[in-house]
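S.K.: A predicted structure for the sequence below; I have some questions about it.
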Amino acid sequence: MCVSPRRSVADTLETRQRILDRSLAIASAEGLEGLTIGRLADELGMSKAGLLGHFGTKEGLQLAVVDEAAAVFAREVPQRVKQLPSGLPRLKAVCEAWVSYLEREVLPGGCFFTAATTEFDGRSGRVREALAGMNALWRRDLRIHARRAISDGDLPADTDVEQLIYEIIGIMLALNHFLQLEHDSSAPVRARKALDRLFSAR
């Protein structure tokens, strides 16, 4: 019996996605170094060679997981509010979506990028570069909305955009910490209060 090329490609993509889903769940809780080919192969019922065939190397798998984490974050945060106009409405909505993303524990270990950045920030190599690139792109998006808010008159003309972004990210890092380490169910409320105070002070 022949297998159609389309079915074969679909099966390959489905298997790759299954590997990435499990890898991202592990990495969010245990870090990218927690991904071992043997463990994944055992959990997914695959051979090590079959699993490596999708990514080439462990580093290739790690880089694919970074991309998958970015896709999940994009779907859960900026894409949820993309219908809103750029500027302060979008900036506030993005922050609320970000809080919700962490509050709903979309990933079992909380914010993947917080965990992975802590793991790789003192290293060199392609994984660190990929993480730094993703973080830079996200700060750029936040910066665009903040500057639009200034040009619209929704934020004061003398607003320090870099300081604003620094404080927003600081609030989200604190939220992830209190949710994951302290299991503090009041953390999202505190994060929202901090964001309200941050925007109302300007």
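M.R.: In hand now; what should we look at? Values in this document were obtained by computation on a predicted structure and should not be read as measured data. Residues are numbered from 1 along each chain as shown.
S.K.: which ones are touching the residue nearest to the spatial centre of the chain?
M.R.: Geometric centre of the chain, nearest residue: Phe73, 4.3 Å, by C-alpha atoms, centre = their mean. Listed by C-beta atoms under 8 Å, 6 or more residues apart in numbering, the contact set of Phe73 reads Tyr101, Phe112, Phe113. Every residue, glycine included, has its C-beta placed from N, CA and C.
S.K.: who wins on neighbours among those?
M.R.: Highest neighbour count within the contacts of Phe73, by other C-beta atoms under 10 Å: Phe112, with 26 neighbours.
S.K.: shouldn't that one be in contact with Ala71?
M.R.: No. Counting by C-beta atoms under 8 Å, Phe112 stays clear of Ala71, with 11.1 Å between them.
S.K.: off-centre distance for the helix or strand containing the residue nearest to the centre of the chain?
M.R.: Element membership of Phe73 [criterion: DSSP states H and E] is helix 58-76. Using C-alpha atoms, centre = their mean, to the nearest Å, the mean C-alpha position of helix 58-76 is found 8 Å from that of the whole chain.
S.K.: list the buried ones in it?
M.R.: 61-66, 68-70, 72-74, 76 (16 or more other C-beta atoms under 10 Å).
S.K.: and stretch 49-60, by the same measure?
M.R.: Using 16+ other C-beta under 10 Å as the test for burial, stretch 49-60 gives Leu51, Leu52, His54, Phe55.
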